[in-house]
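Enquirer: Have a look at this fold, sequence not included:
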């Protein structure tokens, strides 16, 4: 294992990789509950989706570990699964079988692009400043996701987002499930922060379990009261072992009859575009934060990483799930010291175990994993000092990239804003020498995207 994964060379060991793998899985486990719910809206069998999601996530993560030797974990992409059900199926009227076919075709195209090194070339042409900005932007983005998962940040008619009012939860009688979980998330974040400050090994994973255990204690004493009809479930697992659901309802249910329809091609392009730049953004952000980029700003092993994503998407579509992509929650494992593919493999093993222990994994509440995302956001934000703030031609595009990710709720939109503004500002400021032909092409494609999608 030492020879294959180069543990010593990367300053890691098996124990560290195991803790990193478990941590990443814990922060991602929600997808096993969310994906069946979202894809189920399209009419697919939810049990089969759960099985397909776990298998595809494990398969893609194993590929990442063995062929790329990188600590990035993959699963069904959030946002893309909602696009699958609510836009392609319910909005455009396609069957879910046709939508799965679009995901399958996207995966095949990704395999070709990865073999031709097109995706790798796009990664390498992004300027160093924007690579740092992507890392910082993802930090803010996952912090925002963590605050949402905790229920600390909520929607508001007047200000779009706002902080949850504990006073209001007491007045409306929702304190014993909504209000108390917010307090638990805040306490969990402070606990995790203290562990980080004291440099305790496994701080993020300990924080997740500590928050979950506090929640179970609150439920035992009546401070937290489950209300399943409102989405507040028991914090105690309903069981330990369960048999995996059959894949039969979704396995290889592809429909190629609409493959030449112009609207079908637009759907494929939409899947392709969002997945391409979400994945590149995640790889850039995570690799930058963990100092994995070489002196030329390139990521060793990126071809294998992109291939794992592409093959994972293709296999996932055959199994019965939407686009498989690299998860930004991988940063949680990286912060625990994960530096090799062994982290991804350990996470993949836990996805397989989830097939047989689904009641246990599905009991992990969002407010328990939220502190991990918030603290990871803090750690990624530290990269902001690497941006050359006294050079507006470098700093302004970085700024646009950073703020776009959380405010537009999209990694790919942040990359779009960063690259378009980088090209425009540097051209008109007289710094054309900083811009490669590839950057001009990317900027033009991004501009056209806003008129076509």
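Expert: Structure's in. What do you need? Predicted model only: the values in this text are computed from it and were never measured. Numbering: from 1, shown residues only.
Enquirer: Contact partners for residue 119?
Expert: 110, 113, 276, 279-280, 306 (C-beta atoms under 8 Å, 6 or more residues apart in numbering). (Glycine included, C-beta is placed from N, CA and C.)
Enquirer: can you rerun that using 10 Å?
Expert: By C-beta atoms under 10 Å, 6 or more residues apart in numbering, residue 119 lies in contact with 110, 113, 276-277, 279-280, 283, 302-303, 305-307, 309-310.
Enquirer: Residue 242 too?
Expert: Residues in contact with residue 242 (C-beta under 10 Å, 6+ apart) are 354-360, 362.
Enquirer: Where does confidence bottom out across these?
Expert: On pLDDT alone, residue 362 ranks lowest of the contacts of residue 242, at 73.
Enquirer: Is it in contact with residue 235, as I believe?
Expert: No. Under the contact definition of C-beta atoms under 10 Å, residue 362 does not touch residue 235, with a separation of 11.4 Å.
Enquirer: Comparing the two, which shows the higher neighbour count?
Expert: The residue with more neighbours, out of residue 362 and residue 235, is residue 235; 23 against 18, by other C-beta atoms under 10 Å.
Enquirer: Name the residues of stretch 187-206 that are buried.
Expert: For stretch 187-206, burial by neighbour count (16 or more other C-beta atoms under 10 Å) applies to 187-189, 191-193, 195-196, 202-206.
Enquirer: What average pLDDT does that stretch get?
Expert: Here the average pLDDT along stretch 187-206 is 90.
Enquirer: chain center to that stretch, what's the gap?
Expert: 22 Å (C-alpha atoms, centre = their mean, to the nearest Å).
Enquirer: mind starting the numbering at 49 from now?
Expert: Yep, numbering from 49; the last one is stretch 235-254 now.
Enquirer: and the end-to-end length of it?
Expert: 13 Å (C-alpha to C-alpha, to the nearest Å).
Enquirer: Name the strands paired with the helix or strand in which residue 209 is found and say parallel or antiparallel.
Expert: If you go by DSSP states H and E, residue 209 is part of strand 208-211. Partners of strand 208-211 in the sheet, by DSSP bridges, are strand 201-204 (antiparallel).
Enquirer: can you list the residues that contact the strand it pairs with?
Expert: 191-196, 209-213, 226, 230.
Enquirer: again, 6 Å this time
Expert: 195, 209-210, 212 (C-beta atoms under 6 Å, 6 or more residues apart in numbering).
Enquirer: That one - what's its average pLDDT?
Expert: pLDDT averaged over strand 201-204 gives 91.
Enquirer: Give the buried residues for that strand.
Expert: Neighbour-count burial for strand 201-204 [16+ other C-beta under 10 Å]: residue 201.
Enquirer: returning to what we had before: between the contacts of residue 167, which sits nearest residue 113?
Expert: Among the contacts of residue 167, residue 353 lies closest to residue 113 (C-beta to C-beta), at 10.3 Å.
Enquirer: what residues are up against the closest one?
Expert: By C-beta under 6 Å, 6+ apart, the contact list for residue 353 reads 116, 118.
Enquirer: ok, then the element right after the one helix or strand it maps to?
Expert: Element membership of residue 353 [criterion: DSSP H and E] is helix 350-367. For helix 350-367, the following helix or strand on the C-terminal side (DSSP H and E) is strand 372-374.
Enquirer: And the helix or strand following that following strand, what does it pack against?
Expert: Once strand 372-374 ends, the next helix or strand along the chain (criterion: DSSP H and E) is helix 378-383. Secondary-structure packing of helix 378-383 (3 or more C-beta pairs under 6 Å, 6 or more residues apart in numbering; DSSP states H and E): helix 62-76, helix 310-337, helix 414-429.
Enquirer: so how many other residues sit close to the closest residue to residue 74 other than its chain neighbours?
Expert: The shortest distance from residue 74 to any non-neighbouring residue, by C-beta to C-beta, 6 or more residues apart in numbering, is to residue 256 (5.1 Å). Residues near residue 256, counting by other C-beta under 10 Å, number 27.
Enquirer: Quick one: residues contacting the spatially closest residue to residue 302 that is not a sequence neighbour.
Expert: Among residues not flanking residue 302 along the chain, residue 149 sits closest, at 4.6 Å (C-beta to C-beta, 6+ apart). Neighbouring residues of residue 149 by C-beta under 6 Å, 6+ apart: 302-304.
Enquirer: part of a helix, is residue 149?
Expert: Yes. Assessed with DSSP: H, G, I helix; E, B strand; the rest coil, residue 149 lies in a helix.
Enquirer: and the gap between it and residue 200?
Expert: 40 Å (C-beta to C-beta, to the nearest Å).
Enquirer: which element follows the strand or helix carrying residue 218 toward the C-terminus?
Expert: Using DSSP H and E, residue 218 maps to helix 214-220. The helix or strand immediately downstream of helix 214-220 is helix 228-245, counting by DSSP H and E.
Enquirer: Look up the residues forming beta bridges with the closest residue to residue 330 other than its chain neighbours.
Expert: Closest residue in space to residue 330, ignoring its immediate chain neighbours: residue 374 at 4.6 Å, by C-beta to C-beta, 6+ apart. Beta-bridge pairing for residue 374 (DSSP bridges): residue 122.
Enquirer: From residue 356, how far out is residue 374?
Expert: Separation of residue 374 from residue 356 (C-beta to C-beta): 8 Å.
Enquirer: so how many other residues sit close to residue 432?
Expert: Neighbour count of residue 432, defined by other C-beta under 10 Å: 18.
Enquirer: what does the one 10 residues further on give?
Expert: The local packing count at residue 442 equals 23, with neighbours defined by other C-beta under 10 Å.
Enquirer: my read: residue 411 touches residue 286, true?
Expert: No. Counting by C-beta atoms under 6 Å, residue 286 is not a contact partner of residue 411; they are 7.2 Å apart.
Enquirer: and the one helix or strand in the chain whose mean pLDDT sits lowest, which residues are buried?
Expert: Within the chain, no helix or strand scores below helix 406-410, which has a mean of 78 by mean pLDDT, DSSP states H and E. Within helix 406-410, the residues that qualify as buried are 406, 408-410, counting by 16+ other C-beta under 10 Å.
Enquirer: Just list the residues touching the residue most central in space within the chain, thanks.
Expert: Nearest residue to the geometric centre of the chain (C-alpha atoms, centre = their mean): residue 375, 3.1 Å. Under the criterion of C-beta under 6 Å, 6+ apart, the neighbours of residue 375 are 76, 121, 123.
Enquirer: ok, the closest residue to the first one other than its chain neighbours - how many residues close by?
Expert: Counting by C-beta to C-beta, 6+ apart, residue 377 is the residue found nearest to residue 76 once chain neighbours are left out, at 4.8 Å. Number of residues near residue 377 (other C-beta under 10 Å) recorded here: 30.
Enquirer: distance of residue 377 from residue 368?
Expert: 23 Å.
Enquirer: Buried residues, the host helix or strand of residue 398. List them.
Expert: If you go by DSSP H and E, residue 398 is part of helix 389-402. By 16+ other C-beta under 10 Å, the buried positions in helix 389-402 come out as 389-400, 402.
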